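> Could you work out the structure for the sequence below:
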Amino acid sequence: MIMKNLSINKITMNKSAAPTKGYLIFTLMMLAVCFRAEAGESPVLLLENITTFDGQSLVLENSKLTHLIFQDIWNSYEGLGEEARIAALPKAFVNNSQQIWVQPGINVTEAQLAEFQGYYPQVTPLVLDHGHRLMRSLGAWDFPLHVILKDGNKVFSGSGEELSTVATKHFSTREALNQWLQIKTDDLPFMRVAGTEKSKSVSFSINEAAKPGYRKLEEGDQAPVFIVTTLSGNTVSLLGLANNKPLSLIFLDSLCPMPHFPGCEAQIEHLNHLVTKDDSREWLGVVSSFYVNEEIVQQFRDKFQLKLPLVFDTDNQIYQSYGVHASPYQIDISRDGNIRSRGSEIH
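Okay, here's the model as predicted:
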């Protein structure tokens, strides 16, 4: 395969279609059932013996609050991470707390975390929660999640919106923060702050510290050029396909049916109908190589009698260069080689 990106630097994330949040939550719920008996582990003891994803020692600053930020890196690539929220927290809180970012150990590798941190250097230190031990110790099974510990005790646990609400009310000054901590300490064991469940979302802006180095290709950007061989043995290229007609790239996952590919049979049936009826454009299916080999993809093609030519995306190079992290996904390319539209709806 020959890949060349004429508009942006090639992004080499070794990640295919990222699971949907529903799939991740489903997995965490199942783990919660399997490992509930282990929920008694102390998060402080775990943190004292844990390292960052790249093997660096994690030194807890005992004079500060411990602020654990559980999030999935693939949400950050889609602009749904917690980086902007953290950058907008009051200085009184930031100066008196130690932020530790935690990636749940689901469908992610250390190499992917290293690449992610290259785009998001402010996400540090970054811990990979192997076996979800930290989440289990805190009784947490949803994310994004913020947990604040004081002297080993949990004084806050909630969503990003709940944290923003509390921060606005209580973190503006050191004195206000200390008063809130005193109340929370007196109220241990922890109970969720009254009123945050019904509070309105607190707005915040992305400042320079929160802007990522990663940029997903958008409408109007030049599409990365590729030359690939289909499962049928034909060589195709972006320039050749889009020369006479607009091109629709359809990103697929051959693991169908699966929780991360909801309603996949119906969506594939709809895709086959579109390909059969619409000859005003070229079609090319790009199948993720995540967890599968070419033989499985061929079985997937035959099972659903797919009507469009398919490419087995070795090492997910096309997924990566087009910034696709979910499936099914469609990117339409004009005859001049520019991206016309992109999204999760197959049309």
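> how about residue 313, phi and psi?
Main-chain torsions, residue 313, degrees, to the nearest 10: phi -80, psi 80.
> That one touches residue 289, doesn't it?
Yes: the criterion here is C-beta atoms under 8 Å, and residue 313 meets it with residue 289 at 5.5 Å. Heads up, the C-betas are built off the backbone N, CA and C, glycines and all.
> doesn't residue 103 fall inside a helix?
No: note on residue 103: no helix contains this position according to DSSP: H, G, I helix; E, B strand; the rest coil, which reports strand.
> give me the beta-bridge partners of it?
Per DSSP bridges, the residues bridged to residue 103 are residue 128.
> Use 25 as the first number for this chain going forward.
All right, first residue 25 from here; so that's residue 127.
> Now for it, how many residues are close by?
Residues near residue 127, counting by other C-beta atoms under 10 Å, number 23.
> now do residue 367
Neighbours of residue 367 using other C-beta under 10 Å come to 10.
> Skipping adjacent residues, who's closest to residue 173 in space?
Distances taken as C-beta to C-beta, 6 or more residues apart in numbering put residue 90 closest to residue 173, at 4.1 Å, once the chain neighbours are dropped.
> any idea how far residue 166 is from the one you found?
In this view, residue 90 and residue 166 are 20 Å apart by C-beta to C-beta, to the nearest Å.
> In the stretch 225-371 of the chain, what residue spans correspond to helices?
262-265, 288-301, 318-328, 341-345 (DSSP state H, counting those that start in this stretch).
> now swap in the stretch 25-174 of the chain and tell me
45-59, 67-72, 97-101, 107-111, 115-118, 134-143, 157-161.
> which of those helices has the lowest average pLDDT?
Note on those: lowest mean pLDDT is at helix 45-59, with a mean of 49.
> Report the buried residues of stretch 87-97.
By neighbour count on 16 or more other C-beta atoms under 10 Å, the buried set for stretch 87-97 is 89-97.
> Relative to the whole chain's centre, how far out is stretch 93-110?
7 Å (C-alpha atoms, centre = their mean, to the nearest Å).
> could you dump that stretch to PDB, C-alpha only?
Taking Å, rounded to 0.1, in the frame of the first residue of the first chain, the C-alpha atoms of stretch 93-110 are listed here in PDB:
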ATOM      1  CA  ILE A  93      -9.600  12.200  35.500                       C
ATOM      2  CA  PHE A  94     -11.000   9.100  33.900                       C
ATOM      3  CA  GLN A  95     -11.600   9.500  30.200                       C
ATOM      4  CA  ASP A  96     -11.200   7.700  26.900                       C
ATOM      5  CA  ILE A  97      -8.500   9.100  24.500                       C
ATOM      6  CA  TRP A  98     -10.700   8.400  21.500                       C
ATOM      7  CA  ASN A  99     -13.200  10.900  22.800                       C
ATOM      8  CA  SER A 100     -10.500  13.600  22.800                       C
ATOM      9  CA  TYR A 101      -9.700  13.000  19.100                       C
ATOM     10  CA  GLU A 102     -13.400  13.700  18.500                       C
ATOM     11  CA  GLY A 103     -13.300  16.900  20.500                       C
ATOM     12  CA  LEU A 104     -15.200  15.400  23.400                       C
ATOM     13  CA  GLY A 105     -12.300  15.100  25.900                       C
ATOM     14  CA  GLU A 106     -11.900  16.900  29.300                       C
ATOM     15  CA  GLU A 107      -8.800  18.900  28.400                       C
ATOM     16  CA  ALA A 108     -10.600  22.200  28.000                       C
ATOM     17  CA  ARG A 109     -12.500  21.700  31.200                       C
ATOM     18  CA  ILE A 110      -9.300  21.100  33.200                       C
END
